[in-house]
Structure formats: structure tokens, C-alpha cells
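Q: Predicted model and sequence below, questions to follow.
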Amino acid sequence: MTKSTRLVQNLILLVFALYALVPVYLVFLAAIRSEADLFSGPLTLSWPINFANFARIWSEAGFATYFMNSVITAVSVTVLVVLTAPLAGFAFAKMNFRGREVLFGLFLAGLVVPAPSVIVALYGNLQALGLIDNRIGVILPQAALLMPFSVFMMRTVMQDVPDELIEAAVMDGASLFKIFLTIVVPVVKPGLMSLGLITFLFAWQEYLLPLVVFQTESLKPLTVGAASLQGRYGVDYGGIAAAGLIAFAPLVVLFLAMQRSFVRGLTAGAVK
Amino acid sequence: MLTTRSAYLFLAPSLALYLLFVGLPILQVFGFSFFDWDNGIAGDFIGLANYGRLLGDGVFWTALWHNAIWVVLTLAFPLLAGLVIAAILAERNANVVRWLGAIYFIPRTIPLVVAGIIWGWIYNPIFGLLNFGLEAVGLGGLAGAWLAQDNTALLSLNVVGAWTFFGFCVIIYLAAIQSIDPALYEAASIDGASWWRKFRDLTVPLLRGSTLFLGLYAAIEAMRFFDLVWVTTQGGPGYATEVLTTHIYKTFFLVGDFGYAATLSVVLLIIVLSISAGAFALLRKP
């Protein structure tokens, strides 16, 4: 590789690293500055860090509640998906049954369904079921919308389980469910971990469903809270920045800590 | 492969959830679109009359045009950037790959609502960093109210969309490049091929599958994205950033026209399903 090629390459890598990080850095900066010097001074970190914005947002603007709501919804959706999708993935990967292709096609089509296009009917259904302004009214549809991706990914993961393992257990007279729990699950644990992480990420990021389902302030998650803050406290930029940081920092930390697992999950459906 | 009826038991929980909260509403939306609605109550069966309204609905065509622009921009910028970055990273050491890969992906972990708020500030005409930066380098004449002007709003929003998406492209392309036989690259190097030649004649053709996957993903997301527009411009100024999803949302929740909102939903569904059917046909071709 010539020196100039290398230089151009490094420049490209750097420019895109800045593109990715500068906005994140700006939010961080705005969140830890006091109102007075928000728009003045150089764009460097001031020391000591000023936590006043976080404290104000956390206690006065209800972000402690929004945060708990995000945790409750995202964890519930994740548990629901991780308990159900692997079973379906196992069936599609390792079992033969009538209607297999059709049912898999049904899930496959669901991969591209836009949430806004089902909301028109879903909203009425949730109303009829009494699930408007109810956590269940977000958790169940959210899990359902994530199901196609999850089943698809689990099928890919389950295909890597050696057939011999399963056949040997069938010979021994073990039930399919027992085989699933004692033989398949241990083998695909990394895949289940990836599924859980990605589901949690998507559930935490969700905006449309909680926006239309929740009316009570004490039920709303961080995404809805952060968006409404923009209107309510139009000039409290430090506060909004702190709110934004609270809304995404857990995800960034989770991703950095579990990067390998995330990447495995993201590429599971794509590369093959 | 086990032939067994217990398969249905394994499928039951996820299938039930999926059919009840996604499958059923899709069928209902189709049904709704053939009726005249009044205050949330179905009135007369009016056949395709709602679909006829599409022809005269200028906002619908504007929205559709914006989605189409968004598809093209997403295919052109983040996908290409992801491909080039992945090809460069493939030859760097593992630590560099891990760190830069993580950095590029961080925006994808940020909820679009928050991404919209952050970038709204960068674009702010009074204190925004973009105008500030342009003035600092003597290009103050280019400064503007990026999200509040007809001619820049959609493009400015697309930069935010690309921001959250290019890191995903890097990761997908990188995984695919790493599965290519290194002997191919070694042979090309021995023949004296330049980096650019290897990129053009080896990497790009061998990554066709990933490109199709990401292309499909990008096109679908471009048709169905909502959060980013809703939290920044709500389709404005005027209709400058109106897309199909915001048109559906407004028609349903603000106007209360159930029949027409359902019709718009059906159109959106048909578009995304057609795009995926087309992409799958391409994927099957060797």
C-alpha cells in the first residue's frame, strides 16, 4: 500500500469517527455545564463535572419514573421474546411438519411490517381489550412486532446445533421439550444472549407504541419523556441534554460491554 | 429432521402473539379501508372510494416522493461509506477494528428520538454548532435554519438517519469480508493489484449478498421510519419532510379519518412487501 493511499484511508476512518462521536460529545458537554456557560467558552470538558442538570431532571422532571418505566417495559419485552422465539426457532430449524414453509413465510413477511401501518387497527383493539394506558398494551404488541426478527435469528442459530445430538436423545426416549431445555439451550446460549441484548435495545428505543398507548405520565418511558421535555422546558438545554444522556447512556454502556454478543446477533441473520 | 406434530406446540406462543398483535391488525386495516368512517364508527361500504382519494391527495404523493428520496440517499451514502470503511478496516489490526467498529456503531444504540433532539441543536439557526462551524471557517454565507427551510430540511434529517445507520453497515460488511478466503487477496497482491483494484474487482463483487441485504434493510427502513421526523419537524415546515408514516399518524390521530388512514397503511404495506419480494428474487439469483 502506498503512503498516500494509507493517508487517505486514515483520513476516512477519522472523519467518520468524528461524525459518530461529536454529537454524542456535545450532549455530554451540555449536560455537565451550568446554564450560564452553556454557550460560552471552548468545547472542552470543564472540571469538576457539574451534576446539577442530572439532579434537576431526575427528581423534578420525573426522569426517575421514566427510567424505571423504560426498564420495566424493556425487560418484560425481552423476557417474553427470549421465552418464546427460541421455541419457534427450534421448530423451524429442526422439525418437519405440515405448513412449515407457509408459517415461516408468514413470519418472514412480518420482518418488514411497519408499526405505523398496523397502529390504525391495533389502537382500536387495545381499546377494546382495555389495554390503553396499560403497560401490557405496550409490552405485548412490542414483543409481537419483534417476533419475526427474533424467530428468524433463532432459526439461524438453531441450525448450527448438530442433528446427531438431538437424534441420540430422541433414541433415548427423551421428550422434545426436555431435549430443548437440556441439550439445545446450553449449546445456543450465546445466541440467546445476543437475542436478549438486541431485543432489549429495540424495546428501550421504542417510541411510537408508548406514545400512543400511555396517557398517564407515570407510565411513560424515557423516549416519550425526553421528546415531551423538548416542548415543556423549551429553554432548559442543560436539562434536556441530561435527559437525553439518561435515555441513551445505558444502551451505549451495554453495547460497549457486550459488543461481541451484539455483533454476533446482528450478523446472524445477515451473513448467511 | 424430526417429523412431529409437537412442532405446533413449540410455535404456539410466538405465533399466537404475532397473529394477535400484528397479523390480525393487518387484516383489519385492509377491511377498514373499504368503509366510510365517522367518529371511529364504520359506516357504509364504499368499495375502492378511499383508494380513489389517493389520486387527488397531494400530501400523499409528496410523502411518497420524500420516502423515495430517502431510499436513494440511504443507498448512496451510509451503504457506500460502510463498504469503504469495512474494506479499510479489514486490513487493520484487531484492536483498531474493535474500537473503531464500536465507535461507528454507537449512534445506532441511541434512540432516534434522542438522536433527533441532539441534531436539532446542531442544526439550530441561533446557537447550533453547524452554523457556528461554517462561520468559523469563513463559510458563514452557507449558514441557515437547516430544519426550518423547505430546501434543506429533508436532506438535513437524512444526515441524522445516516448517522445512526452507517455503523450497522460497517459491521455487516466487515463480517462478510472476514469470511472471504484471504488467499484471493494474496493472489491479487502477488499480481501487483493496487488497493483500489482489489476493492473494485474482489471486495465489491464478493459482497453482493451483503449489499442486497443492507439495501433491502435500508429501503424498508426508509419507507417506515417515523420517530426521527416526528420528534424534529413533524413533517414540516409545510410538508417539506412529510413521509407516509407521518401522513398516516396525522390522518388517524389528528384528523380521525380511520378509513383513509387504513388505506394509506395498506399502500405502505404493499410497498414494503413488494420491495422485499423483489429483493428476495435478486438474492435467490446466483
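A: Thanks, I have the structure now. Residues are numbered from 1 along each chain as shown, chains lettered A, B, ... in the order given.
Q: For residue B:198, the count of nearby residues, please.
A: Using other CB atoms under 10 Å in any protein chain shown, residue B:198 has 18 neighbouring residues. In short, each C-beta sits where N, CA and C put it, glycine included.
Q: show me what contacts the most centrally placed residue in chain B?
A: Among the residues of chain B, the one closest to the centroid is residue B:221, at 2.5 Å (CA atoms, centre = their mean). Residue B:221 makes contacts with B:74, B:165, as judged by CB atoms under 8 Å, 6 or more residues apart in numbering or on different chains.
Q: can you check the one 3 residues further on too?
A: Residues counted as contacts of residue B:224 (CB under 8 Å, 6+ apart) are A:112, A:114, A:115, A:116, A:117, B:244, B:245, B:268, B:272.
Q: let's see 7 Å
A: A:114, A:116, B:245, B:272 (CB atoms under 7 Å, 6 or more residues apart in numbering or on different chains).
Q: Please name the residues that touch the third one.
A: The one in question is residue B:245. Residues in contact with residue B:245 (CB under 7 Å, 6+ apart) are A:114, A:116, B:224, B:225, B:226.
Q: And residue A:212, by the same measure?
A: Here residue A:212 is in contact with A:119, A:123 (criterion: CB under 7 Å, 6+ apart).
Q: Please report how far it lies from residue B:148.
A: Distance, residue A:212 to residue B:148, using CB to CB, to the nearest Å: 27 Å.
Q: just the strands in the chain please.
A: Here I'm looking at chain A. Per DSSP state E, chain A carries strands over the ranges A:95-96.
Q: Sorry, I should have been clearer: chain B.
A: So, for chain B - with DSSP E - the strands run B:2-3, B:35-38, B:41-45.
Q: The first one packs against which elements?
A: In terms of contacts (3 or more CB pairs under 7 Å, 6 or more residues apart in numbering or on different chains; DSSP states H and E), strand B:2-3 is packed against strand A:95-96.
Q: Relative to the strand it packs on, what are the paired strands and their orientations?
A: The pairing partners recorded for strand A:95-96 under DSSP bridges are strand B:2-3 (parallel).
Q: Show me what the strand it pairs with is in contact with.
A: So strand B:2-3 is in contact with A:94, A:95, A:96, A:170, going by CB under 7 Å, 6+ apart.
Q: Repeat that for stretch A:98-107.
A: In contact with stretch A:98-107 (CB under 7 Å, 6+ apart) are residues A:92, A:148, A:151, A:152, B:11, B:18.
Q: from the contacts of strand B:2-3, which two are the most distant?
A: Across the contacts of strand B:2-3, the longest distance by CB to CB is 13.1 Å; it joins A:96 and A:170.
Q: And these two? Which one has more around it.
A: Between residue A:96 and residue A:170, counted using other CB under 10 Å, residue A:170 has the larger neighbour count: 14 against 11.
Q: rewinding a little: could you dump the strands of chain B to TSV with mean neighbour count?
A: Formatted as TSV, the strands of chain B follow (neighbours: other CB atoms under 10 Å in any protein chain shown):
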stretch	mean neighbour count
strand B:2-3	12
strand B:35-38	17
strand B:41-45	11
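Q: Residues contacting stretch A:151-163, please?
A: Identification of contacts with stretch A:151-163 by CB under 7 Å, 6+ apart yields A:85-86, A:88-90, A:92-94, A:107-108, A:111, A:184, A:187-188, A:191, A:195, A:265, A:268-269, A:272, B:14.
Q: Write a PyMOL command that selects only the buried members of those.
A: Only the buried entries of the contacts of stretch A:151-163 go into this PyMOL selection, using 16 or more other CB atoms under 10 Å in any protein chain shown:
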select buried, (chain A and resi 85+86+88+89+90+92+93+94+107+111+184+188+191+195+265+268+269) or (chain B and resi 14)
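Q: which ones are touching the closest residue to residue A:76 other than its chain neighbours?
A: Leaving aside its chain neighbours, residue A:76 sits nearest to residue A:139 (4.7 Å; criterion: CB to CB, 6 or more residues apart in numbering or on different chains). Neighbour list for residue A:139: A:73, A:76, A:77, A:80 [criterion: CB under 7 Å, 6+ apart].
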